[in-house]
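# coords please:
(2 chains)
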Amino acid sequence: MKKLLRVGFEHVEDWIDNIFGPKWNPFYQLGALGWFYYWIVVISGIYLYIFFDTGITEAYQSLDYLTYEQWYAGGIMRSLHRYASDALVIMVMIHLLREFAMDRFRSSRWFAWFTGVPMIWFVFSAGITGYWMVWDTLAQYIAIATTEWLDTLPIFGEAIARNFLSNETLSGRFFTLMVFIHIALPLFLLFIMWLHIHRHASPRVNPPLELAAGTFIMLLVLSFAKPALSNAPADLGTVPAVVGLDWFYMPIYPLLDYVPGLTVWILLITATVLLLLVPWLPPGKRNPAAVVNLDNCNGCNRCAVDCPFSAITMEPRSDGSAYEHEAVVDASLCTSCGICAGACPTATPFRRRSDLSPGIELPDQSIKELREKTITASDRLSGNDRIIVYGCQNSLNPEEMADTGVGIVTMPCIGMLPPSFIDFVLSKKLADGVFLTGCRAGDCYFRLGIKWTEARISGERDPHLRQRVARERVGNFWAGLTRRKEFFSELETFRLRLKNLASSQPDKQPPPAASENDREITHA
Amino acid sequence: MPETRYLVGQIIAFTLFAIGLGYFSNSPTYTHHDPEMAQIKLSFSHASQHKEECRRLSPEEIAALAPNMRHPMDCPRKRVPVLVELIVDGNILLRKSYAPTGLAHDGATSAYEKISITPGQHNLTMRLRDSNRGDGFDYEESIKISLVPRQQFVIDFRNSSFQFY
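Residues are numbered from 1 along each chain as shown, chains lettered A, B, ... in the order given. Modelled structure (predicted):
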């Protein structure tokens, strides 16, 4: 089911890619958009709070003042407050479903999942208390239905719903309490949001400027076109028979008319507990964490900087070496993506005189093994359009490429590939071209693998691909699971390019040369 | 600079999202209560009488207690359930017994009921028993009411008397 869901997501996202491009695709920015909407809600909420009056009739009147007399500022702020809150719910729910579909809750990622689930309760509670504060007929319905629902819990002595028996018995203090709760809940939410991304290196909390601008303009236009308005003032002497619900926040309320409240509590609490336990139901296979080989670690810090999950820290040297620091892996945080190995300058396949053992690597998928797989893959190639494809294990199945006549080498994440391997393949004439593939652009399973790979190849990030490597012999297409057709088309185009290169410059392949990469790397 | 087709596509996508957002933020409407009907809400929080009378302890019984617990009277905390009867136009619309709250059943009894009723004139009688008596009621009150559609008529019980809102 999960795989079906994932393919479904990828098909929709491919379609959205055609409109937004991978950089602006909202599906790749769900978390960041959630943050963005949160801040809109907070800022508009602060403005509304300045004018909001707590009191049975004053609350309604103050919002009417904002909506009608100050429509150009207060009215717009109120609408932004509502619509950004609604959009936040949409982002949270799709984000949750997508992370589940993409299997991004295993290993050390359980923490983000586990802290994300309670956020749903906070988001919904904050939204519902917000509607309550308007004290119109919808607020009346929500207040009575919520308190009646709370009363089904066997923890309250006197029914809370009795507070809403009549206009005469309603207390104005209740609005002060609501304001307090409505402010406290988003503050707690912010704390959990911070926790949620706490273990992520370079967390994406801001959507790209263009996407942020687009979504804000959308909210602004909607606020002008359909401003958020109050219903008739609440009157406890009249039953709010027909209500226009905010279905993003209130889908549970109609259910309460048909299912006993206690059953709904049990259902929701069970669902929450099950959601919390998803990372362990069933427990996924946990691959061995990256290991540091101190003999080859010079404490350069690149692995720590590139690790997407902050699993590596630089600590004072423990082996008496002249280097100041050494990399230390926290196995509980490591997702075994191998990006650290791809960042390690000692992970070079050119090393000849000593065993290929870099400063850091995955114990079950070593760099030495990667070199052997590369050489084995090249053995089967022939002609002048020989291609080695490096791919990640979270995208196209390598077996699907079996008939294309390319050599295939896979790894957990494309970010595990040290750029020197591309140089190695071409300079050693193991192939005529190197083609990289993996998750879709902007949506790396391990968050930063594609980003770092592209930056290393373009020379923006260490370790970078050497200048001498003919860039026309390096291609890539980030295929994910669904872009088979486009992948094979790109691969064919790349093959044709190699053929053309062979016919136009038969002897222009770069020769192997003694270089920094070729040198034996030893550390005292 | 993005291509025109991207811009057009994005405008369409944002518009569709905005339409969905705007529509479902207060539509479609939900009918929570038949607009042609009125509603009686019966609710009270009332401490009923204790199940057993206080009893004076004998000197032997007092002596058997821990020194800091010695008290001449033994007053069991348990309260009796409250029985309520609501009669509308001669028909019993509700007859229900409500248990006292608290683990020891020594708290106030809390009731909260919603009953739909056709609008118009009605003769309403409320009865409540909060004592150990075997039959009959301790409190009774009748009232003639006239209800309009969607009106909420509240029956409360405070300070040993029925209250109507």
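# next up, the contacts around the residue lying farthest from the centre of chain A.
Here chain A reaches farthest from its C-alpha mean at A:Glu168, the gap being 50.6 Å by Cα atoms, centre = their mean. By Cβ atoms under 8 Å, 6 or more residues apart in numbering or on different chains, the contact set of A:Glu168 is B:Tyr165. Glycine gets a C-beta too; all of them are placed from N, C-alpha and C.
# ok so it is a strand residue?
No - A:Glu168: not assigned to a strand; according to DSSP: H, G, I helix; E, B strand; the rest coil it is coil.
# and it, how close does it get to A:Gln61?
The spacing between A:Glu168 and A:Gln61, counted by Cβ to Cβ, to the nearest Å, is 19 Å.
# kindly report the same for A:Met193.
Taken as Cβ to Cβ, the span from A:Met193 to A:Gln61 is 34 Å.
# can you check A:Ser230 too?
10 Å.
# more crowded one of these two?
A:Ser230 (21 against 14; other Cβ atoms under 10 Å in any protein chain shown).
# skipping adjacent residues, who's closest to that one in space?
A:Asp136 (4.4 Å; Cβ to Cβ, 6 or more residues apart in numbering or on different chains).
# next, give phi and psi for that neighbour.
Backbone torsions of A:Asp136, given as degrees, to the nearest 10, read phi -110, psi -170.
# which residues does it contact?
A:60, A:230-234.
# how about A:Pro118, what does it touch?
Applying Cβ under 8 Å, 6+ apart, the residues near A:Pro118 are A:192, A:272.
# for A:Thr176, grab the count of nearby residues.
12.
# mind checking how far it is from chain B?
A:Thr176 sits at a distance of 23 Å from chain B (criterion: Cβ to the nearest Cβ, to the nearest Å).
# buried sites along stretch A:281-299?
In terms of neighbour count (16 or more other Cβ atoms under 10 Å in any protein chain shown), stretch A:281-299 has its buried residues at A:287, A:289-290, A:292, A:294, A:296-299.
# what of stretch A:255-269?
For stretch A:255-269, by 16+ other Cβ under 10 Å, it's A:256, A:261, A:264.
# list the contacts of the residue of the stretch 51-200 of chain A found nearest chain B.
Nearest to chain B in the stretch 51-200 of chain A, going by Cβ to the nearest Cβ, is A:Ser166, at a distance of 4.0 Å. By Cβ under 8 Å, 6+ apart, the contact list for A:Ser166 reads A:236-237, B:154, B:165.
# same check on A:Leu187?
Neighbours of A:Leu187 in contact, by Cβ under 8 Å, 6+ apart: none.
# repeat that for the one 3 residues further on.
Taking Cβ under 8 Å, 6+ apart as the criterion, A:Leu190 is in contact with A:Tyr38.
# what number of residues lie near B:Lys144?
Neighbours of B:Lys144 (other Cβ under 10 Å): 8.
# if we can go back for a sec, derive a ChimeraX selection command for the buried subset of the contacts of A:Asp136.
Listed next is the ChimeraX selection for buried residues among the contacts of A:Asp136, using 16+ other Cβ under 10 Å:
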select /A:60,230,231,233,234
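# taking the contacts of A:Asp136 one by one, which sit in helices?
Using DSSP state H, the members of the contacts of A:Asp136 that fall within helices are A:Tyr60.
# and which of the contacts of A:Asp136 is nearest A:Ile252?
A:Asn231 (19.6 Å; Cβ to Cβ).
# look at that closest one and report its pLDDT.
Looking at A:Asn231, its pLDDT reads 95.
# ok, now A:Glu472?
Note for A:Glu472: predicted pLDDT of 94.
# same deal with B:Met69?
85.
# same question, the one 5 residues further on
The predicted local confidence for B:Asp74 comes out at a pLDDT of 87.
# any weak-confidence spans in the chain?
All of this refers to chain A. Chain A contains residues with pLDDT under 70 at A:352-354, A:505-524.
# chain B, not that one
B:1-2.
# so where do the strands sit in the chain?
Let's take chain A. A:242-244, A:291-292, A:312-316, A:325-329, A:360-361, A:387-392, A:407-411, A:433-437, A:474-477 (DSSP state E).
# ah, no, chain B please
Going by DSSP E, chain B shows strands at B:29-31, B:38-46, B:55-56, B:73-74, B:82-88, B:91-98, B:109-117, B:120-129, B:139-147, B:152-158, B:161-164.
# how big is the angle separating the second one from strand B:82-88?
To tie it back to what came earlier, the one meant is strand B:38-46. 160 degrees (axes from the mean of the first three to the mean of the last three Cα atoms, to 10 degrees).
# for strand B:38-46, which strands pair with it and how are they oriented?
According to DSSP bridges, strand B:38-46 forms sheet pairs with strand B:109-117 (antiparallel), strand B:152-158 (parallel).
# out of these, flag the one nearest A:His200.
The nearest among the strands paired with strand B:38-46, by Cβ to Cβ, is strand B:109-117 at 47.1 Å.
# tell me, what residue is most central in the chain?
Picking chain A for this. Short answer for chain A (Cα atoms, centre = their mean): A:Gly31, at 5.8 Å.
# I was thinking of chain B, sorry if that wasn't clear
The centre of chain B sits closest to B:Tyr112, judged by Cα atoms, centre = their mean, with a distance of 1.1 Å.
# from memory it sits against A:Ile160, does it?
No - contact between B:Tyr112 and A:Ile160 fails when scored by Cβ atoms under 8 Å: they sit 9.5 Å apart.
# list residues touching both of those two?
A:Asp151.
# ranking the strands of chain A by mean neighbour count, which comes first?
The highest mean neighbour count among those, using mean count of other Cβ atoms under 10 Å in any protein chain shown, belongs to strand A:360-361: a mean of 28.
# please name every helix or strand in contact with it.
Judged by 3 or more Cβ pairs under 8 Å, 6 or more residues apart in numbering or on different chains; DSSP states H and E, the packing partners of strand A:360-361 are strand A:291-292, helix A:339-343.
# swap in 7 Å and give it another go.
Under the contact definition 3 or more Cβ pairs under 7 Å, 6 or more residues apart in numbering or on different chains; DSSP states H and E, strand A:360-361 sits against helix A:339-343.
# quick one, domains of chain B?
As assigned by automatic domain parsing, chain B contains the domains B:1-30, B:38-51+B:80-164.
# what's the end-to-end length of the longest one?
End-to-end distance for domain B:38-51+B:80-164, by Cα to Cα, to the nearest Å: 15 Å.
# and A:Leu185, how many neighbours does it have?
Neighbours of A:Leu185 (other Cβ under 10 Å): 20.
# count the neighbours of residue 50 for me.
Using chain A. Neighbour tally, A:Ile50, other Cβ under 10 Å: 9.
# hmm, no, I was thinking of chain B.
17.
# what sits against it?
Taking Cβ atoms under 7 Å, 6 or more residues apart in numbering or on different chains, we find B:His50 in contact with B:75-76, B:78-79.
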